[in-house]
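Q: I would like the atomic coordinates for the input below:
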Amino acid sequence: MNEQASLRTFLAGSLAGFLAGHILNFGIVQYVQETMGRPGLAGAALFIAFGTPILLGLHAGAVCDRQPAIRVARGYQIPFMVGAGTLALLSISGLPQPVQIAGVLFAAVMIGIGWSYVSPARLVFLARLVPEKQLRGATILFNVLSTIGFGLAPAVLGILQATGDWVSAFSTALGLFIIAEFLFQRMPDVEDDPPAADPAHWWSSARDGLAYVAKTPILAQLLFTTLVVHLLLGPIQVILPRLASEQLGLGTIGRGAFLSLLAPLLIIGGLVALRLRERADAGRWMLFACLAS
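A: Presented below is the predicted three-dimensional model:
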């Protein structure tokens, strides 16, 4: 497979993974709220799904630097599949609520493990797959596909709920991960030169990374800004679905379309960011955007 074909295959697999992962993120929240009536549990599940990378992120980054990244992405899509399969079984099982709660939390942990390793692995592999002169354009396209996956997920979830049930929604996510796994299996194990170091000493790489952040103030500030921005995902994924249903009176398809309006707005924001990135006052624009949000 030539370089361009490999890139197209990789991006297609990434889009399938983005869409499936966000179907699970939105789905686990809405499933808990609608079938169990526990918004607190929905928030806890989302916190676990996004909080697990805080615990595992350093290890994941070091592993991706020391092993073929596509191999990491392949292996850690399996927890995603386990999470999707668990939610699909819960939605048809009729188990007692304590068992369902335990199942939801287990699925959230699996989803969190998947995000912890697959997200950095895809980025590292992209940097190894694409020549440096083409990396900027490929990264922009990769981020656009990420945004499309995030934005399409609520619409797809709404359509599946309207035409089927929760089993079809979570089974669709599982199927998309299987497609992503198949496409990633076609990717070569692209490694850096010289060969990757011994993964057993991952903490030394993590420590070097933390030391670099500590001596680079702008990087620390950008990471903190990223943390603030990601805090907004809680209200978006927990509160907005309830707002759409209870206050706006939207059905499943209407709610999905309402939440999917985020996608074009995120793309517009990305285009504006590209125009602002060379400006000396780009930091002020980021601060303004955080405060406005």
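Q: what segments of the stretch 151-293 of the chain are helices?
A: Secondary structure of the stretch 151-293 of the chain by DSSP state H, counting those that start in this stretch: the helices cover 166-185, 202-214, 217-231, 233-234, 240-242, 252-260, 262-276, 282-292.
Q: if you tally nearby residues, what's the number for the closest residue to Ile236 other than its chain neighbours?
A: Computed as C-beta to C-beta, 6 or more residues apart in numbering, the closest residue to Ile236 that is not its neighbour in sequence is Leu262, at 7.1 Å. Where you see a C-beta, it was placed from the backbone N, CA and C, and this is true even at glycine. By other C-beta atoms under 10 Å, the residues close to Leu262 number 17.
Q: who's in contact with Leu262?
A: Going by C-beta atoms under 8 Å, 6 or more residues apart in numbering, Leu262 touches Phe150, Gly151, Pro154, Ile236.
Q: any idea which of these is closest to Thr86?
A: Distances from Thr86 to these, taken as C-beta to C-beta, are shortest for Pro154 (21.2 Å).
Q: out of the contacts of Leu262, list just those in strands.
A: The members of the contacts of Leu262 all map outside strands under DSSP state E.
Q: just how off-centre is the helix-or-strand element of the chain with minimal mean pLDDT within its chain?
A: Least confident helix or strand, the chain: helix 233-234 with a mean of 71, by mean pLDDT, DSSP states H and E. With C-alpha atoms, centre = their mean, to the nearest Å as the basis, helix 233-234 stands 12 Å off its chain's centre.
Q: ok so, going back, in terms of mean pLDDT, which of the helices of the stretch 151-293 of the chain ranks lowest?
A: Of all these, helix 233-234 carries the lowest average pLDDT, namely a mean of 71.
Q: what about Ile78, neighbour count?
A: Count around Ile78 with other C-beta under 10 Å applied: 15.
Q: now do the one 10 residues further on
A: Under the neighbour criterion other C-beta under 10 Å, Ala88 is assigned a count of 20.
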